[in-house]
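1. Sequence and predicted structure, then a few things I'm wondering about:
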Amino acid sequence: MSSHLTTRVIREEHAALSAMLRSILLLLEQHRRQQTLPDFAALRAMLFYVDEFPEKRHHRKETELLFPKLRARTPLARELLDRLDGDHARGEHNIRELEHALLGFEMLGESRRNDFEQAAQRYVAFYLAHMAIEEQQVLPLADEVLTSQDWDELDAAFATNRDPLTGHEPEADYRTLFTRIVNLVPAPIGLGSPTR
Ligand SMILES: [Fe+2]
Ligand SMILES: [Fe+2]
């Protein structure tokens, strides 16, 4: 496995994001079973986080930094990278739709539970599949074709963007948000300590 900072950051951010996405589904399942309404503030915070950090920063690092270097080194993955870029471009629209579905559930209650649950399941499945392709196909290809100068440039860029969920020093705003989410989501679904 690659020891490059870039690869580690991508994998760590994927792991943190997967935990967040799975927590959303677990929370929904729990409330469906109990026939209760979820804590909407917690769900709003979780979706805002998914919107804010990964959509605006994680994907950008891939689309703007990693993928162009891969395209420059090999023609092999162009279609795949185009597809992943397409996912990144649609990501913002998708999360906006999901946030709207959540608002519907919050405003109108039970009659919109199902809509939101289905939208959340679709979104999570889409996202997990996207990250799996990156880990199984893109990162191994990067290991094969990128030069040490490519990696130096990427590592320098990636070093400036860390995710609070993975335990690295974040910007103050993201730390505050992370702490709110941890406090809002109860164990055993909770996300654990940011400094684990
Ligand atoms: Fe991606
Ligand atoms: Fe990714």
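-> Right, received. Where do you want to start? Note that the coordinates shown come from a computational prediction; the quantities given were computed from them, not determined experimentally. Residues are numbered from 1 along each chain as shown. Ligands and ions are numbered 1, 2, ... in the order given.

2. What is the helix or strand of the chain at the bottom of the mean pLDDT ranking packed up against?
-> Every helix and strand of the chain was ranked by mean pLDDT, DSSP states H and E. The lowest is helix 172-184, at a mean of 74. On a contact count with 3 or more Cβ pairs under 8 Å, 6 or more residues apart in numbering; DSSP states H and E, helix 172-184 meets helix 40-50. Every C-beta, even on glycine, is put in place using the N, C-alpha and C of the backbone.

3. what residues does the next helix or strand after the helix it packs on touch?
-> Where DSSP states H and E defines the elements, the next helix or strand beyond helix 40-50 is helix 59-60. Residues from elsewhere that reach helix 59-60 (Cβ atoms under 8 Å, 6 or more residues apart in numbering): 88, 91.

4. Could I get the buried residue list for stretch 106-121?
-> For stretch 106-121, the neighbour count (16 or more other Cβ atoms under 10 Å) marks 106, 112, 113, 116, 117, 119, 120 as buried.

5. Does the closest residue in space to residue 85 that isn't next to it in sequence fall in a helix, a strand, or a coil region?
-> Nearest residue to residue 85, sequence neighbours excluded (Cβ to Cβ, 6 or more residues apart in numbering): residue 63, at 5.5 Å. Assigned by DSSP: H, G, I helix; E, B strand; the rest coil, the conformation of residue 63 is helix.

6. And stretch 25-45, how far out from the chain middle?
-> 20 Å (Cα atoms, centre = their mean, to the nearest Å).

7. can you check stretch 131-143 too?
-> 16 Å.

8. Buried residues, it. List them.
-> Within stretch 131-143, judged by 16+ other Cβ under 10 Å, the buried ones are 131, 134, 138, 139, 141, 142.

9. Output the residues you listed as a markdown table; include the columns pLDDT, distance to residue 88 and secondary structure.
-> Shown next, in a markdown table, are the buried residues of stretch 131-143 (pLDDT from 0 to 100; distance: Cβ to Cβ, whole Å; DSSP: H, G, I helix; E, B strand; the rest coil):
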| residue | pLDDT | distance to residue 88 | secondary structure |
| --- | --- | --- | --- |
| 131 | 96 | 12 | helix |
| 134 | 97 | 10 | helix |
| 138 | 97 | 12 | helix |
| 139 | 97 | 16 | helix |
| 141 | 96 | 17 | helix |
| 142 | 96 | 16 | helix |
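
10. just curious, which of the residues you listed is nearest to residue 4?
-> residue 142 (8.3 Å; Cβ to Cβ).

11. what about the closest residue to that closest one other than its chain neighbours, helix or strand, and which?
-> Spatial nearest neighbour of residue 142, excluding adjacent residues (Cβ to Cβ, 6+ apart): residue 70 at 6.0 Å. Taking DSSP H and E as the definition, residue 70 sits inside helix 67-73.

12. would you list every one of the helices in the chain?
-> 5-34, 40-50, 59-60, 67-73, 78-108, 113-133, 139-145, 148-158, 172-184 (DSSP state H).

13. Below-threshold pLDDT in the chain: ranges please.
-> For the chain, the stretches with pLDDT under 70 are 1-2, 161-172, 175, 186-196.
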